[in-house]
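> how would this look folded up:
(one chain, ligands or ions: 1)
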Amino acid sequence: MHSSPNRRHIHSSPGDNLPPKPSNPDPRTNPAHALAPKDDVNVGQKRFADFDLGGRVFVVTGAAGGLGLALAEALVEAGGKVYCLDRQPHPDEQFKEAARRVLPEWGGSLVYRQQDVQDTAHLDALIAEIADENQRLDGVVAAAGIQQVTPAAEYDEHDVAHMMAINYTGVLMTSQAAARQMFKYRCHGSICLIASMSGTIANKGMLTPVYNSSKAAVIQLARNLAMEWSPIRKDGTGGIRVNCISPGHILTPMVDKVFEELPDLKKKLESENMMGRLAKTTEFKGAALFLLSGASSYMTGSNLIIDGGHTSW
Ligand SMILES: NC(=O)c1ccc[n+]([C@@H]2O[C@H](COP(=O)([O-])OP(=O)(O)OC[C@H]3O[C@@H](n4cnc5c(N)ncnc54)[C@H](O)[C@@H]3O)[C@@H](O)[C@H]2O)c1
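Have a look, this model is predicted:
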């Protein structure tokens with residue numbers, strides 16, 4: 001793990017003779033002009049040029065199955081080389097099916113690597129290895145996450161720490177490891193954090209106080225990373241856009257587990273959105289491709305809520 005000299009600024013008070021505290025780069029003196037689309041490439045040259053990921057390299061965490069894998073597939077279909085990281089020793093059967101669907105003519109590939117996002121030293125080293133192998137890193141989707149249904153009055157402090165270690169610290173450390181490589185290779189990439197509509201609302205029928213708070217923290221984290229990393233500094237580092245996707249309820253192994261514990265919950269959740277059904281993982285592919293590609297070149301610090309209208313009434 002890297003130790004930063006800026007750690008000294010924690011709790012420092014004005015009189016203690018330290019150098020000035022670090023601040024975000026001034027956007028006006030470090031403008032991200034290089035992220036703007038180029039008319040000779042992006043306008044009228046070929047179909048969907050803004051969405052083309054040919055030759056680009058991505059990392060997706062939590063991608064052994066579920067939502068992470070669907071988002072990884074979106075990036076592969078657009079030509080990206082995608083490294084799927086997950087704590088499981090072997091990916092789900094779904095992953096093998098997804099890998100079989102990859103057509104060589106797309107130019108991309110799906111690669112699996114076992115990685116627990118709580119092992120931050122190894123996570124940093126693995127993401128560095130991926131970037132060095134390809135001499136670039138263009139983006140990361142931080143989708144690894146866990147869920148726990150427990151009333152607040154009964155929550156164990158170790159369970160709180162475990163949830164935050166994966167859902168919050170894991171997301172920050174994944175973003176940090178990726179940003180370091182983007183700085184190193186002067187890649188103006190994109191980071192997509194998987195939050196949840198549960199970061200903005202409490203869910204009727206489901207007692208998930210810590211999960212919901214962890215997702216609120218992720219939404220807030222995206223704004224702060226965007227402020228630090230979006231401008232392009234004079235040395236060429238930066239130009240990294242950071243956004244969130246906040247899904248509504250999706251049918252995934254995580255939610256299936258909750259339905260086993262609370263059998264009546266599925267009907268309740270279906271009735272809570274304007275579409276009367278839960279989402280499929282593939283309904284978020286377009287959003288991931290949008291955020292990881294040049295199609296969203298002017299978007300940073302945002303939270304894209306895709307929830308069948310759940311939070312709109
Ligand atoms: N399913 C939903 O309704 C829903 C809604 C909103 C947001 N989300 C978020 O989407 C993301 C994906 O969830 P999902 O529903 O596909 O769940 P899932 O359980 O199917 O997938 C989560 C994946 O993350 C992996 N993972 C968990 N802890 C890890 C760790 N420490 N290191 C590495 N990998 C780890 C798991 O092995 C699993 O493959 C999560 O962040 C979740 O909070 C899900």
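> which is the next helix or strand following the longest helix anywhere in the chain?
When the chain is parsed with DSSP state H, its longest helix is helix 209-229. Scanning forward in sequence from helix 209-229 by DSSP states H and E, the next helix or strand is strand 241-247.
> That following strand vs the ligand: in contact?
Yes: contact between strand 241-247 and the ligand, assessed by CB under 6 Å from any ligand atom, occurs at Pro247. Every residue, glycine included, has its C-beta placed from N, CA and C.
> and the angle from that strand to helix 209-229?
Counting by axes from the mean of the first three to the mean of the last three CA atoms, to 10 degrees, strand 241-247 lies at 160 degrees to helix 209-229.
> Strand 241-247 pairs with which strands?
Partners of strand 241-247 in the sheet, by DSSP bridges, are strand 190-194 (parallel), strand 303-306 (parallel).
> okay, those in JSON lines with distance to the ligand, mean neighbour count and mean pLDDT next?
JSON lines is the format used below for these (distance: least, CB to the nearest ligand atom, whole Å; neighbours: other CB atoms under 10 Å; pLDDT from 0 to 100):
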{"stretch": "strand 190-194", "distance to the ligand": "4", "mean neighbour count": "27", "mean pLDDT": "99"}
{"stretch": "strand 303-306", "distance to the ligand": "9", "mean neighbour count": "18", "mean pLDDT": "98"}
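> Can I get those strands in a markdown table including distance to Val60?
What follows is those, written out as a markdown table (distance: least, CB to CB, whole Å):
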| stretch | distance to Val60 |
| --- | --- |
| strand 190-194 | 9 |
| strand 303-306 | 17 |
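> Which residue is the nearest non-sequential neighbour of Asn167?
In this structure, Asn167 finds its nearest non-sequential neighbour in Ser214, 3.7 Å apart by CB to CB, 6 or more residues apart in numbering.
> In this structure that neighbour contacts His162, no?
No: taking contacts as CB atoms under 8 Å, Ser214 lies outside contact range of His162: 10.5 Å.
> Just to check, Gln148 is in contact with Asp156?
No: Gln148 is not in contact with Asp156 according to CB under 8 Å; the separation is 9.8 Å.
> which one of those two has more residues nearby?
Gln148 (19 against 10; other CB atoms under 10 Å).
> Make sure that one is indeed in a helix.
No: Gln148: not assigned to a helix; according to DSSP: H, G, I helix; E, B strand; the rest coil it is coil.
> I am finished for the moment; much appreciated.
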